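J.: Need coordinates for the following:
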Amino acid sequence: MSSCDILISGTGAFAARIAFDIAAVAGEPVGVVIAGRNRSRLNWLRTAANARAAMFGSKARFTAHALDLLAPDASDLLLAATNPRILVQAASIQTSQIIAQTGNAWTRLVAEGGLSATAVFQALISSRVAAAIARHAQPVTLINCSFPDVVNGLITAQEHQVACGMGNVAILSNVFAGSASVPREAAIKVLAHYQNLAAWRQAPELRSGRAPRVWIDGVEVDDVFARFADIQLTPEPVIEISGASGVPMLLAMAAGRDWSGHVPGPNGLPGGYPVRLSQGELVLDLPPGLGEADAIAWNASFETQSGMTVGQDGRAQFTGILHDRLVALRPALVSGFAVHDLEAVCDDLLQLRDRLIATP
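T.: Residues are numbered from 1 along each chain as shown. Modelled structure (predicted):
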């Protein structure tokens, strides 16, 4: 059985950003496998990543593994073939570009009800991978990049393990740290849910709603929108930041080094938090005066208002506007669904999505 340090599952733009940035900055030897079904795309990603490693003089080396990630037993076959220490799951049956798309009833449902309309689709491959890891003979650290603020809770409710995700809170923590209003050496900590991102895609004068919570050198910022008025995100997914944000953490994990930063969905928690990596374990690293229960409750409140929550009883429940829109189309979802029924629910919602996409 061959083995690798990092396995990247998926060949889309997010996976490419991760691979290309590993190639540029890896200061210690690291072996990376990129997996997916499109052989032409795989060969390009492998070629470009190894070229970037040579270009920047990094110590990363990339190979490719062709496999249909949706095929039966694909996750088990992938683990057996690559035996990774860290698995970065970046494949999904729902593109993240949905946030910038319009023109049909499906995009309207997502715009009005929120991204948790896509949570079941985002969870499909990741839940299969998590289940395969539980069956695998060797320990594997799972990093789920598919809507981790919500999906990681689904995975842990299925009694599987997931370390964290990438992006979302780390988008905001890094753009805030790079703001002209923050001294370069200042310590910044951010508590943020993915729903906080929407305001920063708008012009500064149009921003409203709940802001993320931000601490600079231990002092909480009173008016986050005013303090960071210079920050501007694109309407599309900001992959240049989100895909890159997990690379320092991945390299620290691969090398067995400590690290601190921000991640969404650590150990299945809702939303995003400051964390530290110590002896291979991720733990919350909250600012002084903020307790874990309060931080978790703050993040959980977003999906409780409108989105998807996962209860201790193992049921996922749609809430708020999203609940009303979905139940009008699928009355059986009025009381949610058991997380272990994810595959059947996904099949049903895929049919709904196809019908709505065909509806202007």
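J.: Which residue lies nearest the spatial centre of this protein?
T.: For the chain, the residue nearest the mean C-alpha position is residue 145 (3.3 Å; C-alpha atoms, centre = their mean).
J.: how near is that one to residue 246?
T.: Distance from residue 145 to residue 246, counting by C-beta to C-beta, to the nearest Å: 8 Å. Bear in mind the C-beta positions are built from the backbone N, C-alpha and C, glycine included.
J.: Quick one: the helices in the stretch 1-150 of the chain, in order.
T.: 13-25, 39-56, 74-82, 105-113, 119-135, 148-157 (DSSP state H, counting those that start in this stretch).
J.: what do you get for the stretch 151-300 of the chain?
T.: Using DSSP H, counting those that start in this stretch, helices in the stretch 151-300 of the chain cover 169-177, 197-200, 224-227, 239-245, 247-255, 292-305.
J.: So for residue 111, which of these sits nearest?
T.: helix 197-200 (10.3 Å; C-beta to C-beta).
J.: What is the closest one packed up against?
T.: Based on contacts counted as 3 or more C-beta pairs under 8 Å, 6 or more residues apart in numbering; DSSP states H and E, the elements that helix 197-200 packs against are helix 169-177.
J.: could you give me the average pLDDT of the helix it packs on?
T.: What helix 169-177 shows for mean pLDDT is 98.
J.: Number the residues from 13 up from this point.
T.: Sure thing, new numbering starts at 13, so read that last one as helix 181-189.
J.: now it, how far from the centre of its chain.
T.: 14 Å (C-alpha atoms, centre = their mean, to the nearest Å).
J.: How about stretch 289-302?
T.: Here stretch 289-302 is found 19 Å from its chain centre; the criterion is C-alpha atoms, centre = their mean.
J.: cool, and stretch 92-106?
T.: Distance of stretch 92-106 from the chain centroid (C-alpha atoms, centre = their mean) equals 13 Å.
J.: Now do stretch 96-106, average pLDDT.
T.: Rounded mean pLDDT across stretch 96-106 is 94.
J.: which SSE is residue 336 in?
T.: helix 332-341 (DSSP states H and E).
J.: Now do that helix: which elements does it pack against?
T.: helix 117-125, strand 319-322, strand 327-331.
J.: which of the ones you listed is buried the deepest?
T.: Of all the helices and strands packed on helix 332-341, strand 319-322 has the most neighbours on average by mean count of other C-beta atoms under 10 Å, namely a mean of 25.
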